[in-house]
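1. Quick one, what's the 3D model for this:
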Amino acid sequence: MTPETEKPSLTMTSVKAACDKAPAGPKKDAALKHYRAAEKAQTAKKHTEMNKELGAAKHALG
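-> The predicted structure follows:
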């Protein structure tokens, strides 16, 4: 893996961990929705969209 591809994976991991730790409720639901969209974007190699969704997931938990 190149450093460019490792960093998004670490971000995916940290966002997933934050979603898992969050208490149940609308914030967690919204964050998980964005996280799932980020997973789909990652699979499709749409890194810009993935980063956007990860940011939205982090914001939803904030």
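
2. where does the chain dip in pLDDT?
-> For the chain, applying pLDDT under 70 flags the ranges 1-9.

3. Recalculate using a threshold of 90.
-> The chain contains residues with pLDDT under 90 at 1-11, 62.

4. show me where it has helices.
-> Along the chain, counting by DSSP state H, helices occupy 3-21, 26-43, 47-61.

5. Turn the ones you listed into TSV, including mean neighbour count.
-> Using the backbone N, CA and C atoms, a C-beta is placed for each residue, glycine as well. Converted to TSV, those look like this (neighbours: other C-beta atoms under 10 Å):
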stretch	mean neighbour count
helix 3-21	13
helix 26-43	16
helix 47-61	17
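
6. need the contact list for L32.
-> C19, A57 (C-beta atoms under 8 Å, 6 or more residues apart in numbering).

7. so how far is K58 from it?
-> 12 Å (C-beta to C-beta, to the nearest Å).

8. Got the phi and psi for G25?
-> Main-chain torsions, G25, degrees, to the nearest 10: phi 150, psi -180.

9. burial of it, as a residue count?
-> 8 (other C-beta atoms under 10 Å).

10. Quick check: the gap between it and V15.
-> Distance from G25 to V15, by C-beta to C-beta: 17 Å.

11. Check T48 too.
-> Using C-beta to C-beta, T48 is found at 16 Å from V15.

12. now do K46
-> When distance is defined by C-beta to C-beta, K46 is 16 Å away from V15.

13. go on, A57?
-> Remark: distance between A57 and V15 (C-beta to C-beta) = 5 Å.
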